[in-house]
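[1] fold the following, please.
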Amino acid sequence: MMIPMYEFRGSKWLTFALAMGMLALASCAHKEPRSEIVERAEQAGAGDVTSASAFAVEDWMRKHKDVAVQLNAMCAPIREKAPANWGDSTEAKVCTAARNAAMSTYKYPSDDKTYHSGQK
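    Residues are numbered from 1 along each chain as shown. From the prediction side, this is the model:
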């Protein structure tokens, strides 16, 4: 039994144009706008948070609670006015990690004692 073979009978220029078009579309990458929050996290030692998982960023924030508290304060006004797709951005990933890490340390207002979560 023979398998039919098909030949592409078309212009070489058409083939070239299709190949270049596919390469152009494949090379398009969505770049996020510059974010002061992401830059601050990276400058504080978090590394490249754009390629890190949300879990890894939150783990780093829990180990650096002072940075998490500062970033959480920076994120608060942005979080209130953010569009729906902001949650998918690197900035949102850093802000969520900062909020989760900052929430695990709080002060009780009456005696200024600091309480920590069960993890040490």
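
[2] so residue 31: helix, strand or coil?
    coil (DSSP: H, G, I helix; E, B strand; the rest coil).

[3] which pLDDT value goes with it?
    Looking at residue 31, its pLDDT is 74.

[4] determine the number of other residues adjacent to it.
    By other C-beta atoms under 10 Å, 7 other residues sit near residue 31. C-beta: built from backbone N, CA, C; applies to glycine.

[5] contacting residues around it?
    With contact set as C-beta atoms under 8 Å, 6 or more residues apart in numbering, residue 31 has no partners.

[6] from residue 90, how far off is it?
    Residue 31 is 11 Å from residue 90, where distance means C-beta to C-beta, to the nearest Å.

[7] buried ones in stretch 34-45, by neighbour count?
    35, 37-38, 40-41, 44 (16 or more other C-beta atoms under 10 Å).

[8] now, among those, which is nearest to residue 83?
    Comparing those against residue 83 with C-beta to C-beta picks out residue 35 as the nearest, at 14.2 Å.
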